[in-house]
Structures are given as C-alpha cells and as structure tokens.
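J.: sequence first, predicted coordinates after that:
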Amino acid sequence: MKHRPCPPEQDDLLRPRLVDLIDMRHELVKLAALIDWEFFEREWAGFFPSTTGRPATSPRLVAGLLYLQHAFRLSDEAVVARWVENPYYQHFTGEVFFQHHPPIDPTSLTRWRKRIGEEGVEWLLTKTIEAGRASGAVAERSLEQVAVDTTVMEKAIAHPTDSRLLERARAQLVDLAREARIELRQSYARLAPRLAVQIGRYAHAKQFKRMRKALRKLKGYTGRVLRDLRRQLDEIPAGPLRERVLDKLVLVSRLLNQGAKSTGKIYALHEPEVDCISKGKARVRYEFGCKVSVATTLAEGFVVGMRSLPGNLYDGHTLTEALEQVEILTDQRPRLAVVDRGYRGHSVEGTQVLISGSRGGLTPTLAKALRRRSSIEPEIGHMKTDGRLARCGLKGTLGDALFAVLCGCGHNLRKILAHLRAWLAQIMAAILALIRAVQDRPYGYAIAQSGYSG
C-alpha cells in the first residue's frame, strides 16, 4: 500500500507546525498519544494493495475521521468540513502542518467502511478499550464484571404506512418502465397520489371504512402497473437494468401479498431488512430498525462489546454471542454478567449470569452488582442523544453492523476525553492550591514576586 507523499512545501523549515499552534495539554492531543495508530497502518494496508495510480489514503486519517465522526455526532460531510477548520482534528489524524483543503472526499469514508468490514470496525473498538486502560478511564479489574442489554437502533426511514408504501412502489415501477423505454397502459400518475393523500385524511377523521376501500383501490393501481410491466419484461435486454427491474418486481410482489400479521413484512422499499420491534415503551409502541446488543463495564459504563442483531431475536439467545465478543475484544472472559429479565432462558456457560429480580442466595457483593444493572440504561441513552445510535443512516444489514460498533467507539472516546479533562482540571486545581499556600506564608509572596524557582 502506498502512502500520500509529503508536498514539497512541507519541507520548508519556516512553516509553523501544528504542535506550535495548539495547546499540547488538550484532551484530543492526549488521546492521540494513547491510540496505537501503527496497528491500523499495518492491518489495513491489505485492503488497498495498489501499486499504480494515485496513492491510497492514510489509514490513520480514515481511522481518526471515523473516531471523530462518532465521538462528536457528525456526518461524513460535517467531519471533513470541520477537519479543515480545527487544528486539533488535524493533529489527531496525524497531520504535521495545518491544511487548508479537505484531505478526502466525504464519499471516501463510505468506501473505506465497506472495505474494512465488521472486523475492521471491531479493531477500532478494541483500540478504544486499550486507550481507556492506558488513560485510567477504565480499570483492569472492571472488565471482569459487565452489564448486557439490548436496544433498538432505528433506521433512517419514514414511518411506514400502507398507502405510502404502495404509492412509492407504483412510482418506482413507472420510473423503471420509463428508463427501459416500455410504454405502460396507464401509470396512474394523477389518480394514485391524490388517492394516497385522501387515505391519510380518512384515517385522521377516523373514517376507517372509507380508508380501507380507498386503500384497496390504491393497491389495485399498483398491482396493475406491476402486471403490465411483468408482461413486457421480455422486451428489456439482459443487463443491469433488467436485473434491477426483476428485483423490484419481486419486492413489490412481496409488498402486495403481505398481510397485517405476515412475517418478514416490508416497511421500507429501500431497506427491506428493517424489523418492527416492540420494546414495551409507553411513549413509542413500535420502533423500526435493528436490535443491538450492548455490553458495558459495571463500574464505568465503558463499552466492551456491541453488535447488531438482525431478525429481532430473543434476548436470551443473544447473550452467548455478546459475551464471546467481549472476550475477543478484551482478551479475557467476563467473570460476571448482569442482565435484565429478558435474558431468562439463556444457555451461557463459563460466566456467572445474574438476572434482575433474583432474591435468594446472593452475597452482599453480588447483590450490589445486581443493583448496578440499571447503570447500562443511561449509557445507552447517552449513545442515542450524544452519539449517533438513535438513527442509522448506513444501508443494509452490513451498515447496521458497522454503525453499531462505531457508535460504541464514539461512546468510549467521549468517556476517555471526559476523564482526561477531569484529570487536567485536578492537576490545575492542585497547582493553584500550592501557589495559594506559598503566597500565604510570610516570605512566600516575596519569593513568588522575585521569580526564584529554587
């Protein structure tokens, strides 16, 4: 893998370096020194085995941008734009001199995520755990006790309604027919949108009989367009366009044939893998996305495992995989796992599992650990409000897997940065207290004014 060559102007000794412009006590500077960047240079080099053409982007730059993006809740475009303005971001990603132009196009982050895959983002999470150990944000003994829970990572889709899905399906079929130069008998481009709006009005007025009648009519419009396009399918030559038309016909057929209680329902045409999950919340009855398993340390709430669970699995069936991931990322098996009642019926061996609500046979230490189970709830809340876990914008089940782990990386980085800020504040407070103590002495003020340092 080739790295970016340094421009000739960077050899100018008169050009100020970033270390001369920034405060070296800043938490991002301290964090950059704690992360093993050479690991990414070594492990990610195989993803871009280019020998000709433009040199590949530096792995440290991409890893740093992914870290900053999820630590500060930024999009691909926003993190690149802020990188140009912030010298601390540039120092964090390995730059020596201040740069005035974006280092990469924001779309490069999409290609990098696809290249490194789920294994690559788990390496990112592993390095945040190692940085947490080195900084003192998480103690070594804390890795023996973890809390495990699941939450819903919603997908970036509109709220699914039958009328909207049917109208979108009809419009997409019409667009594909126009692209394939197929003339349909009728496209319903005027009638169907009006009918979809009217269905919403009927539902708002609680005129459900009229609503169901109009919905059946709209479903008929979509079915007619589907059958018309299917009859003329032989006119489309073999190629990518024909494959797209076939995939869309299969998807719309599933949509037309699904019932109110069918399994594997489609809730979004561009994301057919989205699940409808009910977590028993009073404020939100159903959430549309993917279930995510989260494992944190009991003492600090540090993320030591995070994984997406497509298919809306039962929580008790996911505990074994969650603990295996923790063991892989931390190089040790958790001695104790504390979970809620949704994990009853698990088959975990080698780790003691405490389920919320247990009463008899608990030592005071285990009872205290069990009371700490609910500490994972605010950590998940912070990942949704301060991080990006509330809404996943990446496509497909692979995007869910990558996004979930990256959200865990961002949460750990915020924990480490807060710890470094608190540590620096304590040092400054101790220095100020020492200065005041010296000035309070009879001869201390004169010594301090003279500038004598001993």
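T.: Happy to help now that I have it.

J.: how many residues are close by Ile431?
T.: The number of residues packed near Ile431 is 10, by other Cβ atoms under 10 Å. In this view, the C-beta of every residue, glycine as well, is placed from N, C-alpha and C.

J.: with just CA atoms, put stretch 299-319 into CSV.
T.: C-alpha atoms of stretch 299-319 as CSV (Å, rounded to 0.1, in the frame of the first residue of the first chain):
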residue,chain,number,x,y,z
ALA,A,299,-18.1,0.3,37.3
GLU,A,300,-17.5,2.9,34.5
GLY,A,301,-20.1,2.1,31.8
PHE,A,302,-17.3,1.6,29.2
VAL,A,303,-18.4,-0.2,26.1
VAL,A,304,-16.6,-3.6,25.8
GLY,A,305,-18.9,-5.2,23.2
MET,A,306,-21.5,-4.0,20.7
ARG,A,307,-23.2,-6.0,17.9
SER,A,308,-26.3,-5.7,15.7
LEU,A,309,-28.8,-8.5,15.8
PRO,A,310,-30.9,-8.7,12.6
GLY,A,311,-34.1,-10.6,12.8
ASN,A,312,-35.4,-9.4,16.1
LEU,A,313,-34.0,-12.3,18.1
TYR,A,314,-35.0,-13.2,21.7
ASP,A,315,-32.6,-11.5,24.1
GLY,A,316,-31.7,-14.8,25.9
HIS,A,317,-30.5,-16.3,22.6
THR,A,318,-28.0,-13.4,22.1
LEU,A,319,-26.2,-13.5,25.4
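
J.: show me which positions of it end up buried.
T.: By 16 or more other Cβ atoms under 10 Å, the buried positions in stretch 299-319 come out as 299-309, 315-316, 318-319.

J.: stretch 167-176 now?
T.: Within stretch 167-176, the residues scored as buried using 16+ other Cβ under 10 Å are Glu167, Arg168, Ala169, Arg170, Ala171, Gln172, Leu173, Val174, Leu176.

J.: now do the contacts for the closest residue in space to the fourth one that isn't next to it in sequence.
T.: Here the nearest residue to Arg170 in space, its sequence neighbours aside, is Thr222; by Cβ to Cβ, 6 or more residues apart in numbering that works out to 4.4 Å. When contacts are counted by Cβ atoms under 8 Å, 6 or more residues apart in numbering, Thr222 is found next to Leu166, Glu167, Ala169, Arg170, Leu173, Ala192, Val252, Leu256.

J.: cross those residues against helices and list the overlap.
T.: Mapping these onto helices (DSSP state H) picks out Leu166, Glu167, Ala169, Arg170, Leu173, Ala192, Val252, Leu256.

J.: quick revisit: now the contacts of Thr222 in a markdown table, with distance to Leu402?
T.: Below are those laid out as a markdown table (distance: Cβ to Cβ, whole Å):
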| residue | distance to Leu402 |
| --- | --- |
| Leu166 | 32 |
| Glu167 | 31 |
| Ala169 | 28 |
| Arg170 | 33 |
| Leu173 | 31 |
| Ala192 | 37 |
| Val252 | 28 |
| Leu256 | 32 |
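
J.: low-confidence ranges in this structure?
T.: Residue ranges of the chain with pLDDT under 70: 1-14, 48-55, 441-454.

J.: in it, what residue spans correspond to strands?
T.: Shown for the chain, the strands assigned by DSSP state E span residues 145-155, 275-277, 287-297, 303-309, 336-339, 352-355, 391-392.

J.: tally of neighbours for Leu389?
T.: 28.

J.: which stretches of the stretch 201-350 of the chain form helices?
T.: Using DSSP state H, counting those that start in this stretch, the helices of the stretch 201-350 of the chain run over 208-231, 240-257, 319-330.

J.: how near is the nearest residue to Tyr89 once chain neighbours are set aside to Gly357?
T.: Counting by Cβ to Cβ, 6+ apart, the nearest residue to Tyr89 once its immediate chain neighbours are dropped is Trp83, at 4.6 Å. Between Trp83 and Gly357 the computed distance is 48 Å (Cβ to Cβ, to the nearest Å).

J.: the more surrounded of these two?
T.: Using other Cβ under 10 Å as the criterion, Trp83 and Gly357 rank with Trp83 on top: 25 against 10.

J.: for the most centrally placed residue in the chain, list the residues it contacts.
T.: Compute the mean C-alpha point of the chain, and by Cα atoms, centre = their mean the closest residue is Phe403, 3.0 Å away. Neighbour list for Phe403: Met153, Ser308, Arg388, Cys392, Gly393, Leu394 [criterion: Cβ under 8 Å, 6+ apart].

J.: just Leu176 next, same as before
T.: So Leu176 contacts Leu229, Leu241, Arg244, Val245, Lys248 (Cβ under 8 Å, 6+ apart).

J.: how about Ile380?
T.: By Cβ under 8 Å, 6+ apart, the neighbours of Ile380 are Asp149, Thr151, Val294, Leu389.

J.: how about 10 Å then?
T.: By Cβ atoms under 10 Å, 6 or more residues apart in numbering, the contact set of Ile380 is 149-152, 292, 294, 296, 301, 303, 387, 389, 407, 411.

J.: looking at these, which has the most residues close by?
T.: Val303 (30 neighbours).

J.: tell me how many other residues crowd the spatially closest residue to that one that is not a sequence neighbour.
T.: Leaving aside its sequence neighbours, Val303 sits nearest to Gly408 (Cβ to Cβ, 6+ apart; 4.0 Å). Gly408 has 30 neighbours, counted by other Cβ under 10 Å.

J.: if I look at Gly408, how far off is Gly387?
T.: 9 Å.

J.: find residues that contact each of these two.
T.: His70.

J.: what number of residues lie near Lys281?
T.: Neighbour tally, Lys281, other Cβ under 10 Å: 10.

J.: what residues are up against it?
T.: Val152, Glu287.

J.: for it, give me phi and psi.
T.: Phi and psi for Lys281, reported as degrees, to the nearest 10, are phi -80, psi 140.

J.: over to the one 3 residues further on?
T.: Main-chain dihedrals, Val284, degrees, to the nearest 10: phi -130, psi 110.
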